[in-house]
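**Student:** Here is my input, please return the structure:
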Amino acid sequence: YGTYMRANDDDDFAAEMWELYADLSLGNLWLRLGKQQIVWGEMISARIMDIINPLDWSWHFQFEPEEFENIRVPQWSIRAMYNVEQMVVPWLKDLYIEGFLNPGDISPRIYPEPGSPFNLKPTPPPIYNTTEKDRRGDEEFGFRIGGRVGQFFGTLNYLHLYSKTGYLEDIGPPGPPPFNVENRYPLTNVYGLTLNYAFDAPINLTVTIEGTYTPDQPYADALAADGGHIREADTWKHAIRFDRKTFVFPRPTDAMMIQFQYSQTVVDNHDKVKSTPAPYSKDNRIDSTKDIIALLFSQNFWHNNIATSLKLIYDLDGCEYIVPGFKYRYGDYWYFDVYGVILGGSEKRPGSFGSLDWADEVFGRITFQF
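**Tutor:** Below you'll find the predicted structure:
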């Protein structure tokens, strides 16, 4: 379920078509059919509205320089957008309605093989007899309506999605271990909004807001005494980001893009649920709020052939995630990247940046673009 032809050992080789879709324009109607990524969010290292596709963590744990572009798993979907004529709502400009339907190509998040050091999802203890309750064949869908009033542009969103993370549910019969459990991917209903506002000169600032409310967000029940149960909890996620281009170096060097973001997750009845992928322990109950600050600097040099960046992410619980980066473009086709990853901090609970301080690394990449 959800293997996507991933190799089971080092002797295997597999290849697949990552994305394959066709676009069709019929007047005001635009269609995209095929295996695709659907991205409705744009926050820095935070998936607020960008939750339609699962992520592929099987080959690398950390976020890529392009955020989720190379690890967001495409799925077979139908996507449509209709641009409404201006005269229908004169005071609302650029009005459109967009929706998608995944008719059954449902996949969870993809983790490395069990036992891999980068696999943050713990293997269920041997006292569990685990079966998989997959969602292949079920439908996912969503829609949004967007428009602009003056310099305000916003969308209202609804998503009917299955959880990308599995949760254990005891299916009995009651008694001592071993427990018979199913790894389930519950249905969620997500209500969201986005808002953008652009301030003119001399402020030259863009403000972006995203927020979601999920009344049936699944969690592992922290109070379960048997094989495990799924508990739903109201969950709010929201973020605000400020973008501004500022000239730091003398012209003709381009302006530096500076982005600052604050994001927060709020969970109702947090003391009754525990985090996933933390180990199966009642001690791993989650906090009522999680607050994260992100700062991203991007600066191009030498006619944009060199791009440098520095991403700083700080969890207010006391841990950080730092990514410096360098990219060189040679001609129109070749790209050379070197990036570093630094994680640390006093917060060591499972899944936090501080618990991953062993994963510091420097990696390089060579890309040829046709």
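**Student:** Look up how far D332 lies from the closest residue to D200 other than its chain neighbours.
**Tutor:** Spatial nearest neighbour of D200, chain neighbours left out: Q151 (7.8 Å); criterion: CB to CB, 6 or more residues apart in numbering. Quick note: C-beta positions are derived from backbone N, CA and C, even for glycine. Using CB to CB, to the nearest Å, we find Q151 at a distance of 35 Å from D332.
**Student:** now swap in W57 and tell me
**Tutor:** On the measure of CB to CB, W57 and D332 end up 32 Å apart.
**Student:** picking up where we left off before, my guess is the residue nearest to D200 contacts L195. True?
**Tutor:** No. With contact defined as CB atoms under 8 Å, Q151 does not reach L195; the gap is 11.1 Å.
**Student:** of the two, who's got more company?
**Tutor:** Relative neighbour count places L195 above the other of Q151 and L195, with 14 against 11, counting by other CB atoms under 10 Å.
**Student:** what helix or strand does the more buried one sit in?
**Tutor:** In this structure, L195 sits in strand 187-199 according to DSSP states H and E.
**Student:** Each with direction, which strands does that strand pair with?
**Tutor:** When pairs are called by DSSP bridges, strand 187-199 turns out to pair with strand 152-162 (antiparallel), strand 205-221 (antiparallel).
**Student:** Low-confidence bits of the protein, can you list those?
**Tutor:** Using pLDDT under 70 as the threshold, the predicted model of the chain has low-confidence ranges 1-14, 60-65, 114-118, 120-125, 225-227, 277-283.
**Student:** contacting residues for the residue nearest to the spatial centre of the chain?
**Tutor:** If you average the C-alpha coordinates of the chain and look for the closest C-alpha using CA atoms, centre = their mean, you land on R47, 3.7 Å from that point. Applying CB atoms under 8 Å, 6 or more residues apart in numbering, one finds that R47 lies in contact with G41, F68.
**Student:** Now do the SS call for it.
**Tutor:** Per DSSP: H, G, I helix; E, B strand; the rest coil, the secondary structure class of R47 is coil.
**Student:** Likewise for the one 3 residues further on?
**Tutor:** Secondary structure assignment for D50 (three-state DSSP): coil.
**Student:** okay, now the nearest residue to it once chain neighbours are set aside: neighbour count?
**Tutor:** Taking CB to CB, 6+ apart as the measure, D50 lies nearest to G41, with 3.3 Å between them; neighbours along the chain are not counted. G41: 19 surrounding residues under other CB under 10 Å.
**Student:** For G41, which residues are in contact?
**Tutor:** Taking CB under 8 Å, 6+ apart as the definition, contacts of G41 comprise R47, I48, M49, D50, I51, T194, E210.
**Student:** what's around the fifth one, how many residues?
**Tutor:** I51 has 22 neighbouring residues, counting by other CB under 10 Å.
**Student:** Could you pull up the contacting residues of it?
**Tutor:** Contacts for I51 (CB under 8 Å, 6+ apart) come out as G41, L159, L161, K164, V190, T212.
**Student:** and if you look at the third one?
**Tutor:** The neighbourhood of M49, defined by CB under 8 Å, 6+ apart, consists of W40, G41, M43, N157, G192, T194, E210, T212.
**Student:** which SS state does M87 fall under?
**Tutor:** At M87, secondary structure determined by three-state DSSP is helix.
**Student:** how close does it get to K93?
**Tutor:** Applying CB to CB, one obtains 11 Å for the distance of M87 from K93.
**Student:** And I293, by the same measure?
**Tutor:** When CB to CB is applied, the distance between I293 and K93 equals 34 Å.
**Student:** All the helices of the stretch 1-150 of the chain, residue numbers only.
**Tutor:** Listed in chain order, the helices found in the stretch 1-150 of the chain under DSSP state H, counting those that start in this stretch amount to none.
**Student:** hey, where'd the strands end up in it?
**Tutor:** With DSSP state E, counting those that start in this stretch applied, the stretch 1-150 of the chain shows strands at 20-26, 29-36, 75-83, 93-102, 128-133, 140-149, listed in chain order.
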